[in-house]
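Asker: Sequence unavailable; structure follows:
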C-alpha cells in the first residue's frame with residue numbers, strides 16, 4: 001500500500017509541474033516582420049511560425065519600352081544579383097503589351113512581375129505617381145514587385161536597396177513589403193535647406209559661379225517641387241568688393257561672396273582646389289576659382305542626392321579637394337632654369353626683358369616696335385606650351401598671346417582648337433587604356449589630358465604636355481604682359497584675378513594691358529594692402545597721361561591688315577614707318593632680334 005501511494009504522489013507532482021509550465025509555453029511571443037528603422041516601415045505577414053515570401057522563380061523582370069540607360073542597366077544588375085544569390089535566372093522584358101503605348105500608366109497583367117523603373121503598369125504608378133525626382137521605393141502591389149524611383153538615378157537607388165536588404169540565398173522577399181524613401185521630408189537636410197536657408201551669390205557673380213547657383217537651384221526644385229530662394233550678397237554698410245561681411249541669416253554661400261565665411265574658406269584653397277563646409281548658419285560651397293566652384297557644387301549635389309549629408313550641424317560634414325601638386329609643370333616654380341634652343345645664337349639685351357620698360361613702351365607710340373608672340377614661340381616649341389611661352393619671354397616678347405579653354409572637370413588649360421587632333425597625339429591614344437575616344441577637349445578630364453603629348457606645327461610629336469592656365473600665369477608673372485584669347489567666357493575679376501592674386505603682385509601687373517582701368521581699380525579695391533600692384537597700375541596709367549603717350553594699337557605684320565602675315569625684316573620696318581608700331585608675330589625670336597638690333601628702349605630719354 002505504501003508503495004502504491006508513493007507512485008501516486010510522484011504522478012501527482014508531475015501533473016502539477018506540467019500544469020504550472022504549460023501557460024508559459026503557450027504565451028511565448030512569436031517573431032514578427034513588422035519593424036521601423038530610420039523612419040521607414042517594412043510590413044510583413046506570417047503563416048504559422050514562418051513568413052510568406054515571394055517565389056522569385058515565378059517572376060519576370062519588366063522595364064519600360066523607352067527605358068533610360070540607367071534603368072536598363074539597373075534591371076540587368078537586379079537580374080544578376082538574384083541569380084548570384086539564389087540561383088534563379090530571371091528573364092528581362094520590355095513593358096510592351098499589344099495595344100499599349102509607352103505613355104500608358106494603367107496597364108494590368110496577370111503575370112508575376114518585378115517592375116524596374118517607370119513602366120506602363122498600373123502598380124508602378126500607384127507607388128511612384130506622386131514621387132519627386134529623388135524619391136524611390138520597393139513595394140509589393142498585387143502580383144507585382146515595384147522597384148522604382150522618381151528618376152533613373154532614384155531607380156538605381158531602389159534596385160540597390162532591394163539587393164542590399166532583401167535578396168537572400170533563399171530568395172526571401174516578403175509577400176507584403178513596402179519601403180519608401182522620400183528625399184524631401186520635414187526635418188531632413190533638403191527640407192531644412194529649402195525652408196530655412198537662402199542661396200547667396202555675389203552681386204558681381206561671373207558666368208561660372210552663376211552656373212553653379214543655377215545647378216543647385218534646378219536640383220532642389222526638380223527634386224522637391226519647391227522653389228529655392230536665391231539672393232545677392234549685398235549688405236548694408238558693406239563695400240561692393242568687401243570680403244568681411246557678416247550676416248546672421250541661414251545662407252548657402254556659393255563661390256566668393258562678401259561674407260567672411262566665404263573669404264576664410266577660399267583663402268585656404270589653391271586656385272583649383274575646392275571645398276564644402278558647414279558653419280554656424282552657413283553652408284559654404286566654393287573653390288579657389290569660379291571654375292573650381294563648379295566642381296564644389298557638383299560634389300555638394302552628388303553628396304546631397306546620395307544621402308551623405310545628414311546634418312547641418314558644424315563639423316558633421318566637410319569635403320575638401322586639393323589639386324595634385326605633381327600636376328603642375330616643374331618650370332612653373334622655376335622658370336629661370338629654362339634654356340631655349342636658340343640661346344647660343346641670340347644675345348638678348350637686358351632692356352628687352354625689363355618689365356618696367358614693357359609697361360612704358362606700351363604707352364609710347366613710335367618709340368620702338370612692340371611684339372605680341374602669337375600662341376608663344378610656336379616655331380621652336382609646340383604652340384601654347386609652357387616651353388613656348390618661356391622661349392618668347394626670354395627672347396624679349398612684350399606680350400604673349402595664349403588660348404584658354406576648360407576641360408571636362410573645369411580645369412582651365414591652354415589650347416587653341418576645340419579638338420585635340422591637330423595639336424596632340426590624340427589619334428594614337430584615343431579610346432585606349434581607359435582614355436576617352438572623343439576628339440573634343442571638353443570630353444577629357446585634366447588627368448586624362450596629361451596622357452597626351454603636344455605636336456609641333458609640322459606634326460612632329462614632342463614630350464611636352466598641355467599646360468595649365470595657372471602655370472602659364474606663373475611663368476609670365478612680372479616678365480611680360482598676358483593676352484588671353486578667350487575661347488570660353490572669362491570674367492577677369494571672378495575668373496582671372498583669383499589666379500593672379502595667388503601668384504603675387506607682379507602676376508596681377510602682367511594683366512594691366514588686358515584689363516580696363518575700371519577693372520584695375522576693382523583689383524586694387526579688393527586688396528588695398530597690395531601696394532606693389534597699386535604702384536605698377538598707377539605707373540602704367542600715369543604713363544598714358546604723359547604728352548605724346550596713349551594706348552598703342554596692335555596690327556598684323558602687313559600693310560593692308562589682311563589675313564596674310566609677312567614676317568620679314570623689310571615688312572617689320574615698313575609697318576613701323578607707316579605707324580604700325582605693335583605687331584603680332586608667329587616667329588617671335590627673329591622678330592625680337594630685329595627689334596633689339598634696330599631700336600633701343602622706349603624709356604631711354
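Answerer: Perfect, thanks for sending it. The model shown is predicted, which means the values in this text are computed figures rather than measured ones. Numbering: from 1, shown residues only.

Asker: rest of the way, CA atoms for contacts and neighbours
Answerer: OK.

Asker: Okay, helices next: where are they in the stretch 451-600 of the chain?
Answerer: Applying DSSP state H, counting those that start in this stretch to the stretch 451-600 of the chain gives helices spanning 469-476, 497-503, 505-509, 517-526, 531-545, 569-577, 588-598.

Asker: can you list contacts of the second one?
Answerer: This points to helix 497-503. Applying C-alpha atoms under 8 Å, 6 or more residues apart in numbering, the external contacts of helix 497-503 come out as 270, 271, 288, 289, 470, 473, 474, 477, 507, 508, 523.

Asker: Run the chain-centre distance for that helix.
Answerer: 20 Å (C-alpha atoms, centre = their mean, to the nearest Å).

Asker: Just the buried positions in that helix, please.
Answerer: Neighbour-count burial for helix 497-503 flags 497, 498, 499, 500, 501, 502, 503 (criterion: 16 or more other C-alpha atoms under 10 Å).

Asker: Kindly report the same for the fourth one.
Answerer: The neighbour-count criterion (16+ other C-alpha under 10 Å) identifies 520, 523, 524, 525, 526 as the buried residues of helix 517-526.

Asker: And for the fifth one?
Answerer: Of the residues in helix 531-545, those buried by neighbour count under the rule 16+ other C-alpha under 10 Å are 533, 534, 536, 537, 540, 541, 543, 544.

Asker: how about CSV for the buried residues of helix 497-503, with pLDDT added?
Answerer: Converted to CSV, those look like this (pLDDT from 0 to 100):
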residue, pLDDT
497, 96
498, 96
499, 97
500, 97
501, 96
502, 97
503, 97
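
Asker: Kindly indicate which of these lies nearest residue 109.
Answerer: residue 498 (61.5 Å; C-alpha to C-alpha).

Asker: quick revisit: looking at the helices of the stretch 451-600 of the chain, which is nearest to residue 190?
Answerer: Closest to residue 190 of the helices of the stretch 451-600 of the chain, according to C-alpha to C-alpha: helix 497-503, at 31.2 Å.

Asker: okay if I get the helices of the stretch 451-600 of the chain as CSV plus distance to residue 362?
Answerer: Formatted as CSV, those follow (distance: least, C-alpha to C-alpha, whole Å):
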stretch, distance to residue 362
helix 469-476, 17
helix 497-503, 21
helix 505-509, 13
helix 517-526, 15
helix 531-545, 9
helix 569-577, 14
helix 588-598, 15
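
Asker: Among the ones you listed, single out whichever gets nearest to residue 351.
Answerer: Comparing the helices of the stretch 451-600 of the chain by C-alpha to C-alpha, helix 588-598 comes nearest, at 8.9 Å.

Asker: Pull the residues that contact that closest one.
Answerer: By C-alpha under 8 Å, 6+ apart, helix 588-598 touches 346, 348-349, 352, 368-373, 376-377, 392, 395-397, 567, 569, 585.

Asker: Dig out what the residue nearest to residue 514 when sequence neighbours are not counted forms beta bridges with.
Answerer: Nearest non-adjacent residue to residue 514, counting by C-alpha to C-alpha, 6 or more residues apart in numbering: residue 483, 6.3 Å away. Beta-bridge partners of residue 483, counted by DSSP bridges, are residue 401.

Asker: what sits against residue 483?
Answerer: 399, 400, 401, 402, 511, 514.

Asker: residue contacts, the second one?
Answerer: Contact criterion C-alpha under 8 Å, 6+ apart gives 372, 373, 374, 375, 376, 389, 392, 393, 480, 481, 482, 483 as the residues in contact with residue 400.

Asker: In strands only, show me the residues you listed.
Answerer: Here DSSP state E is the test, and the contacts of residue 400 give 372, 373, 374, 481, 482, 483 as lying in strands.

Asker: State the distance from residue 333 to residue 410.
Answerer: 23 Å (C-alpha to C-alpha, to the nearest Å).

Asker: So which of those two has more stuff around it?
Answerer: Each of residue 333 and residue 410 has its neighbours counted (other C-alpha atoms under 10 Å); residue 410 has more, 19 against 12.

Asker: Can you read off the pLDDT for the closest residue to that one other than its chain neighbours?
Answerer: Of all residues not flanking residue 410 in the chain, residue 291 sits nearest, at 5.5 Å (C-alpha to C-alpha, 6+ apart). pLDDT for residue 291: 96.

Asker: same thing with residue 481?
Answerer: pLDDT for residue 481: 96.

Asker: ok, now residue 241?
Answerer: Residue 241 is given a pLDDT of 85.

Asker: what's the spacing between it and residue 526?
Answerer: 6 Å.

Asker: list residues touching both of these two?
Answerer: In contact with both residue 241 and residue 526: no residue, using C-alpha under 8 Å, 6+ apart.

Asker: Low-confidence ranges, this protein, go.
Answerer: For the chain, applying pLDDT under 70 flags the ranges 1-51, 166-172, 605.

Asker: Pick out the residue nearest the middle of it.
Answerer: Nearest to the geometric centre of the chain sits residue 295, at 2.5 Å (C-alpha atoms, centre = their mean).

Asker: Could you say which helix or strand holds that residue?
Answerer: helix 290-305 (DSSP states H and E).

Asker: Need the residues that contact stretch 133-146.
Answerer: 110-116, 123-124, 127-128, 147-151, 153-155, 157-159, 161-162, 175-183, 222-224, 305.
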